[in-house]
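Peer 1: Fold the following.
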Amino acid sequence: MKSILIKFGLLVVVVLQLSACVTGFGSDGRRGVSSSLVDYLYPEGQVPPKYEETVPHLRLPLTVGLAFVPSQKGSAFSLPEAKKMQLLEQVKQKFNGLDYVRDISIIPDTYMRSTKGFEGVDQIARLYGLDVMALVSYDQVASSSETKSSLLYWTIVGAYFIKGNQNEVTTFVDTAVFDVNSRKMLLRAPGVSESKRSSTLMEVDKINRATRDQDFQLAMVDMSENLALELERFKQRIKQDKSVQVSRRQGYGGGGALQWPLVAFLVGLALLVAVRRVRSAGCQQN
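Peer 2: Sure, this is the predicted structure:
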């Protein structure tokens, strides 16, 4: 009887140690990470300035910067730099096909963390020669809870083979596009996603990490699709109203470059002159 109690006590200790795998989620089984656009642009409780009726002036084609708003430093739950760059490449594709965009630059997280506020945005804009800045903020919450099947965790085999944990992740991302000079927001596009996956006790961290990555990817896809729609609406809006002033740089859209109708006219004129010369030479020979 004594040996049975000892074995049972050891089993309890082992299971409790295994359960420590999920203690990183906190007492409520939840943890998350977020980055705040407002806190980044107005750090240390700065009060936003009074609203002014300033009309943004965009000179086409535009140079655009893409960056993630940094999350709290030191969070183990934060996105790795390589993952951020990969996700921003998806957003970049939505700008690539626009005829009024000349160049898109992805800004490293290191540069974003080195400074804050619109003054920091101005510095980065000068460094990269940017007209417009697209800032991506996010909020992701992950939770892991035990289902009825988790009762079988009291056997060592159950901790490895019984999927008694339900892992849920909710992700929200938001891209805000600003005119650097006027500091006015031109447009914004949100994206959301929710993912659920079950796991064994021993798989909780691994499955939760994979679910977080997948959910971020899905939220960015949703945001990118919304961004494409907002960019098209923005293109039509600047043609129809006066909320944004638009001018063209020299060499773009009639600012000094030869346009196709003019090129066609000049080519036709050259051909006409050549034909007349040939005819004139033929007449002289006759």
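Peer 1: which helix of this protein spans the most residues?
Peer 2: helix 204-240 (DSSP state H).
Peer 1: Please identify the buried residues of that one?
Peer 2: 204, 207-208, 210-213, 215-220, 222-224, 226-228, 230-231, 234, 238 (16 or more other Cβ atoms under 10 Å). Any C-beta I mention is one placed from the backbone N, CA and C, and that applies to glycine too.
Peer 1: Tell me if I'm right that residue 60 and residue 100 touch.
Peer 2: Yes: in this structure residue 60 lies within contact range of residue 100 using Cβ atoms under 8 Å: 4.7 Å.
Peer 1: got a list of what residue 83 touches?
Peer 2: 213, 216 (Cβ atoms under 8 Å, 6 or more residues apart in numbering).
Peer 1: Looking at it now. What's its pLDDT?
Peer 2: pLDDT recorded at residue 83 is 87.
Peer 1: Now the helix or strand in which it is found: buried residues?
Peer 2: Per DSSP states H and E: residue 83 is located in helix 81-96. Using 16+ other Cβ under 10 Å as the test for burial, helix 81-96 gives 84-85, 87-88, 91-92, 94-95.
Peer 1: what about the helices in the stretch 151-286 of the chain?
Peer 2: With DSSP state H, counting those that start in this stretch, the ranges of helices along the stretch 151-286 of the chain come out as 156-161, 204-240, 260-285.
Peer 1: Lowest average confidence across those, which one?
Peer 2: Of all the helices of the stretch 151-286 of the chain, helix 260-285 carries the lowest average pLDDT, namely a mean of 53.
Peer 1: out of everything not next to it in sequence, what's closest to residue 247?
Peer 2: residue 59 (5.3 Å; Cβ to Cβ, 6 or more residues apart in numbering).
Peer 1: How about residue 96?
Peer 2: Excluding the flanking residues, the one nearest residue 96 by Cβ to Cβ, 6+ apart is residue 104, at 6.8 Å.
Peer 1: residue contacts, residue 116?
Peer 2: Residues near residue 116 by Cβ under 8 Å, 6+ apart: 40-41, 43.
Peer 1: tell me, how many neighbours does the residue nearest to residue 96 end up with?
Peer 2: For residue 104, the count of nearby residues is 22 (other Cβ atoms under 10 Å).
Peer 1: Give me the distance between the closest residue to residue 194 other than its chain neighbours and residue 214.
Peer 2: In this structure, residue 194 finds its nearest non-sequential neighbour in residue 170, 5.1 Å apart by Cβ to Cβ, 6+ apart. Applying Cβ to Cβ, to the nearest Å, the value for residue 170 to residue 214 is 13 Å.
Peer 1: swap in residue 128?
Peer 2: Using Cβ to Cβ, residue 128 is found at 31 Å from residue 214.
Peer 1: repeat for residue 233
Peer 2: Distance of residue 233 to residue 214, given as Cβ to Cβ: 29 Å.
Peer 1: again with residue 60
Peer 2: Distance, residue 60 to residue 214, using Cβ to Cβ: 38 Å.
Peer 1: Kindly report the same for residue 168.
Peer 2: From residue 168 across to residue 214, the span is 12 Å (Cβ to Cβ).
Peer 1: Need the residues touching each of these two.
Peer 2: In contact with both residue 168 and residue 214: residue 195, using Cβ under 8 Å, 6+ apart.
Peer 1: Okay, now the unreliable bits of this structure?
Peer 2: 1-30, 51, 73-77, 145-164, 199, 201-202, 253-286 (pLDDT under 70).
Peer 1: can you rerun that using 50?
Peer 2: Scanning the chain with the threshold set as pLDDT under 50 gives 5-23, 27, 151-152, 254-267.
Peer 1: thinking again about what came up before, which of the contacts of residue 116 sits closest to residue 184?
Peer 2: Residue 184 lies nearest to residue 41 out of the contacts of residue 116, by Cβ to Cβ, at 12.3 Å.
Peer 1: What's the local residue count around the closest one?
Peer 2: Residue neighbour count, defined by other Cβ under 10 Å, stands at 20 for residue 41.
Peer 1: what's the answer for residue 245, then?
Peer 2: Using other Cβ under 10 Å, residue 245 has 12 other residues around it.
Peer 1: what residues are up against it?
Peer 2: 55-58.
Peer 1: What's opposite it in the beta bridge?
Peer 2: On the basis of DSSP bridges, residue 245 is bridged to residue 57.
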